[in-house]
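Trainee: Predicted coordinates and the sequence they were generated for:
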Amino acid sequence: MDTKGKENKTIDEKGQENRQEKKTKIKKERCHFCNKKLKMINFTCRCNHKFCINHQSPHSHNCTYDFKKEKQNEIKKNNPIIQTKVQKI
Ligand SMILES: [Zn+2]
Ligand SMILES: [Zn+2]
């Protein structure tokens, strides 16, 4: 009485764990001044830093950009009339 059957267990080990760790570093931009997270609305100042609504103006974040020079150039560009106005008879 042979009831002993050879059981050849063929186990397919599907132990393949494909863990794709995507290194997606999402740069969460923060306000350069208060470090607050910026969402959709953010402002890039002329000093190349991003700021929140509260610190968008140069005065509010102690901007290092030389606005005096910029202003002088803008005045010259935008108002060339002033210079020629003097020559008007
Ligand atoms: Zn801010
Ligand atoms: Zn600035």
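Mentor: Nice, I can see it. Numbering: from 1, shown residues only. Ligands and ions are numbered 1, 2, ... in the order given.

Trainee: quick one: the strands in this protein?
Mentor: Read by DSSP state E, the chain holds these strands, from start to end of the chain: 43-44, 50-51.

Trainee: Deepest-packed of those strands, please.
Mentor: Highest mean neighbour count among the strands of the chain (mean count of other C-beta atoms under 10 Å): strand 50-51, with a mean of 21. Every C-beta, even on glycine, is put in place using the N, C-alpha and C of the backbone.

Trainee: in its sheet, what does that one sit against?
Mentor: Here strand 50-51 has these sheet partners by DSSP bridges: strand 43-44 (antiparallel).

Trainee: Contacts for the partner strand, please.
Mentor: Contacts with strand 43-44, where a contact means C-beta atoms under 8 Å, 6 or more residues apart in numbering, come from 50-53, 56.

Trainee: Repeat the analysis, applying 10 Å as the threshold.
Mentor: Contacts to strand 43-44, defined as C-beta atoms under 10 Å, 6 or more residues apart in numbering, come from residues 29, 31-32, 49-53, 55-57, 61.
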